[in-house]
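Chemist: fold the stuff below for me.
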Amino acid sequence: MKKIKWGVAGCGRFTEHSFIPALEFLRKSTLSSVYSGKASRAKEIAEKFGAPFHSNDYEKFLNSDINTVYIGSTNADHYQQVIKAAEAGKNILCEKPLALNSAQAGEMVEACEKNNVLLAVNYVHRFHPLVTKAKEIIKSQMLGKLTSIDINFNIEIPPSNNFRFNKELSGGGALRDLGTHVIDLMRYFGGEITSIDGIMDNIIYKTEVEDFATALVKFKNSGYGKFSVSFNNKKGFNRIEILGHNGALSIENLIGKKNISAKLNILLESEARKSFRKRGNKLLYLLKSVQNSFLKNETPSVTGHDGLVNMKLMEELESKCLA
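Modeler: Here you go, the predicted model:
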């Protein structure tokens, strides 16, 4: 493959205002086809961004001149769309969470393996340069043995006709939408998680999906993590804090912020405090990584297996909260 010919399935706000504009920065990628369940919306997005083909028929979309599919549709659509794309031999970048449940996610991973296609998941926060730097610091043992990781992702999303508030389409609320990112970051920094427990509730908005979730996790190799996510906070201090025996680091303005430089603070024993600021388009960094993996036919940095593991952890928390 010399160039990635993308087909985009799902034409929501993120696709229109974030994904496709980021894609346009990549010289070895091009938007070739657009799918939406609404023919008028598929045409609108195709014309806006110059895609030569558009359709509201998913089979015709897969048979158009594409070799890779971005699936940005509602969570409930991921399962069928990923499997059909895999059977059509297309590499896939799927939105998070991977599916509505781990059974579906497992089938999706198996379908991609069976058809020898690559499956990546859009966990963008891993790809910010300061997150990458924090990972390097942890890996170098500069912090010593990790004791705790604390992540908060609290924003305001009032109830609306958005699919996030329809449990059949989303699978859940703040945990499925925001917590999936946080759990992925927990695993990225701290390694695999052996247990999770916590609380899910509707504190402000009384809808069919939770507007708040908090959890405590145990890492396999070292220490604990805790996180909170919510749809009900207009002014949240969204922050990552990682403590080790020999030092600590924090990342501010990474989550839920746009057009603001993130800040990495590093505290090490017997050293002065260090701070670094960096503005970075996380989605663009992710797309560059995915493009490179797909062009070389190599396993992407964030795989379908990651999506499956994250889904199982969310289900474990939900089962304990609903018991």
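Chemist: what distance do you get for the closest residue to Ser148 other than its chain neighbours to Asn253?
Modeler: Nearest residue to Ser148, sequence neighbours excluded (Cβ to Cβ, 6 or more residues apart in numbering): Leu243, at 4.8 Å. (Each C-beta comes from the backbone N, C-alpha and C, glycine too.) Using Cβ to Cβ, to the nearest Å, we find Leu243 at a distance of 20 Å from Asn253.
Chemist: and Ser145, what is it in contact with?
Modeler: One thing to correct before we go on: residue 145 is Lys, not Ser. 222-223, 244-245 (Cβ atoms under 8 Å, 6 or more residues apart in numbering).
Chemist: what are the boundaries of the helices in the stretch 201-323 of the chain?
Modeler: Listed in chain order, the helices of the stretch 201-323 of the chain (DSSP state H, counting those that start in this stretch) span 282-296, 304-322.
Chemist: among those, which comes closest to Asn101?
Modeler: Proximity to Asn101 (Cβ to Cβ) singles out helix 304-322 among the helices of the stretch 201-323 of the chain, at 6.7 Å.
Chemist: may I have the closest one as PDB, with CA atoms only?
Modeler: Presented in PDB, the C-alpha positions along helix 304-322 are these (Å, rounded to 0.1, in the frame of the first residue of the first chain):
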ATOM      1  CA  GLY A 304      -8.500  -3.900  19.000                       C
ATOM      2  CA  HIS A 305      -7.200  -6.000  21.900                       C
ATOM      3  CA  ASP A 306      -6.800  -2.700  23.900                       C
ATOM      4  CA  GLY A 307     -10.400  -1.800  23.100                       C
ATOM      5  CA  LEU A 308     -11.500  -5.300  24.300                       C
ATOM      6  CA  VAL A 309      -9.600  -5.100  27.500                       C
ATOM      7  CA  ASN A 310     -10.900  -1.600  28.300                       C
ATOM      8  CA  MET A 311     -14.400  -2.800  27.600                       C
ATOM      9  CA  LYS A 312     -14.100  -5.700  30.000                       C
ATOM     10  CA  LEU A 313     -12.900  -3.400  32.700                       C
ATOM     11  CA  MET A 314     -15.900  -1.100  32.200                       C
ATOM     12  CA  GLU A 315     -18.200  -4.000  32.300                       C
ATOM     13  CA  GLU A 316     -16.700  -5.200  35.600                       C
ATOM     14  CA  LEU A 317     -17.200  -1.800  37.100                       C
ATOM     15  CA  GLU A 318     -20.800  -1.600  35.800                       C
ATOM     16  CA  SER A 319     -21.600  -5.100  37.200                       C
ATOM     17  CA  LYS A 320     -20.400  -4.100  40.700                       C
ATOM     18  CA  CYS A 321     -22.300  -0.800  40.600                       C
ATOM     19  CA  LEU A 322     -25.500  -2.300  39.400                       C
END
